[in-house]
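**Q** here's my sequence, what's the structure:
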Amino acid sequence: MQKPNKRLEGQTCIITGSSDGIGEAVAKAMAMEGANIVVNYHSSKEEAEEVAHWINKNSSCGDAIVIKCDVSKENDVKDMFKKTVSEFGTVDVCVANAGLQLDHSLHEMPLSDWQRVIDVNLTGQFLCAKEAIIEFKRRGMRPEISKSLGKLIHMSSVHEVIPWAGHANYAASKGGLVMLMQTICQEYGPDKVRCNSIAPGAIKTDINKDVWSTQEGRDGMLKLIPYNQIGVPDDIGSVASWLASDESEYINGTTIFVDGGMTCYPGFTANG
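**A** Residues are numbered from 1 along each chain as shown. Below you'll find the predicted structure:
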């Protein structure tokens, strides 16, 4: 984890799906920059409380609270923002990180699994962005806190540009996220709202543990990564905390790929 420099002091950040994995790393990184943190979870309350406890014990400035929310449910999202504003006064940063995979070949994919992935990975990000923008506009500029009215960070994937056989619902949700993010930037950039995405590549989390936990799986992953290294959640946390800060003020409407070069298609190093 990077050394803190208080880039987010006085700000409040909601990180959805932050009870473990990438979301946990983002929550801790932003806390170490001085932010108040909302640790959101859907089902793993104990893990979320452990993350909040770590933040409250180790962060020198920000505080953390835990809020349960299914991001695919509008009333849940509204309630999460209402509780955050009640506790901390406002929201400055929303990291829409919650996501899931339900993998099938396309011809065998139940409609329910297609819909659930879209509901969480895409609709959930829309609902969080909507409530965040409502709060940003209600609160107004705080130039002593940030040069931006508010910051939205969508957690995407390299599969917003790389097709992924057997994962059509997941890839479609991430592809749709590009247009959601860029449209938000186009619409609300004039209000000084910054909206960007982070696209992780191969990161060691529970979602892909069955691959990286074996030598064969690791070797297969590394063939896809020019940097010859599998990422860890802290790699995403450090980028997210920087992207939420004024140091990245002029970055808006783009995706930052954190993938060790995966999107450079290393399979073509020998001319295909």
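
**Q** now the helices for the stretch 1-150 of the chain?
**A** Assigned by DSSP state H, counting those that start in this stretch, the stretch 1-150 of the chain shows helices spanning 21-32, 45-58, 74-88, 111-118, 124-139.

**Q** out of those, which is closest to residue 210?
**A** helix 21-32 (14.5 Å; CB to CB). For the C-beta atoms, the positions are set from N, CA and C on the backbone; glycine is no exception.

**Q** between the closest one and helix 45-58, how big is the angle?
**A** Helix 21-32 runs at 20 degrees relative to helix 45-58, counting by axes from the mean of the first three to the mean of the last three CA atoms, to 10 degrees.

**Q** starting at the chain centroid, how far to helix 21-32?
**A** 10 Å (CA atoms, centre = their mean, to the nearest Å).

**Q** now what about that helix, what contacts it?
**A** Applying CB atoms under 8 Å, 6 or more residues apart in numbering, the external contacts of helix 21-32 come out as 1-2, 4, 8, 13, 15-18, 37, 39-40, 47, 51, 54-55, 58-60, 62, 64, 93, 95, 97-98, 155, 200, 203, 205-207, 232-234, 236-238, 240-241, 244.

**Q** helices or strands up against the lowest-mean-pLDDT helix or strand in the chain?
**A** Lowest by mean pLDDT, DSSP states H and E among the helices and strands of the chain is helix 209-212, with a mean of 72. In terms of contacts (3 or more CB pairs under 8 Å, 6 or more residues apart in numbering; DSSP states H and E), helix 209-212 is packed against helix 215-222.

**Q** residue 199: which element?
**A** strand 193-200 (DSSP states H and E).

**Q** what strands line up against that strand, and which way round?
**A** strand 150-155 (parallel), strand 255-258 (parallel) (DSSP bridges).

**Q** okay, now the unreliable bits of the stretch 101-250 of the chain?
**A** 209 (pLDDT under 70).

**Q** hmm, back to that, which of the contacts of helix 21-32 fall in strands?
**A** 13, 15, 37, 39-40, 64, 93, 95, 155, 200 (DSSP state E).

**Q** tell me the two of those that are most distant?
**A** Of all pairs drawn from the ones in strands among the contacts of helix 21-32, the greatest distance, 22.9 Å, lies between 64 and 200 (CB to CB).

**Q** how near is residue 122 to residue 72?
**A** Noted for residue 122: a distance of 9 Å to residue 72, by CB to CB, to the nearest Å.

**Q** go on, residue 236?
**A** Applying CB to CB, the value for residue 236 to residue 72 is 22 Å.

**Q** between the two, which one's more packed in?
**A** Applying other CB atoms under 10 Å to residue 236 and residue 72 shows that residue 236 carries more neighbours, namely 27 against 22.

**Q** OK, contacts around that one?
**A** Contacts of residue 236 (CB under 8 Å, 6+ apart): 22, 25-26, 155, 198, 200, 203, 258.

**Q** including distance to residue 176 and neighbour count, could the residues you listed go into a markdown table?
**A** Below are the contacts of residue 236 laid out as a markdown table (distance: CB to CB, whole Å; neighbours: other CB atoms under 10 Å):
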| residue | distance to residue 176 | neighbour count |
| --- | --- | --- |
| 22 | 20 | 28 |
| 25 | 25 | 26 |
| 26 | 22 | 31 |
| 155 | 14 | 25 |
| 198 | 16 | 21 |
| 200 | 17 | 22 |
| 203 | 21 | 22 |
| 258 | 20 | 19 |
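
**Q** let's have these in JSON lines, adding distance to residue 174.
**A** JSON lines is the format used below for those (distance: CB to CB, whole Å):
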{"residue": "22", "distance to residue 174": "14"}
{"residue": "25", "distance to residue 174": "19"}
{"residue": "26", "distance to residue 174": "17"}
{"residue": "155", "distance to residue 174": "9"}
{"residue": "198", "distance to residue 174": "11"}
{"residue": "200", "distance to residue 174": "11"}
{"residue": "203", "distance to residue 174": "14"}
{"residue": "258", "distance to residue 174": "14"}
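
**Q** of the helices of the stretch 1-150 of the chain, which is nearest residue 220?
**A** Per CB to CB, nearest to residue 220 of the helices of the stretch 1-150 of the chain: helix 21-32, 20.7 Å.

**Q** perfect, I'm done here.
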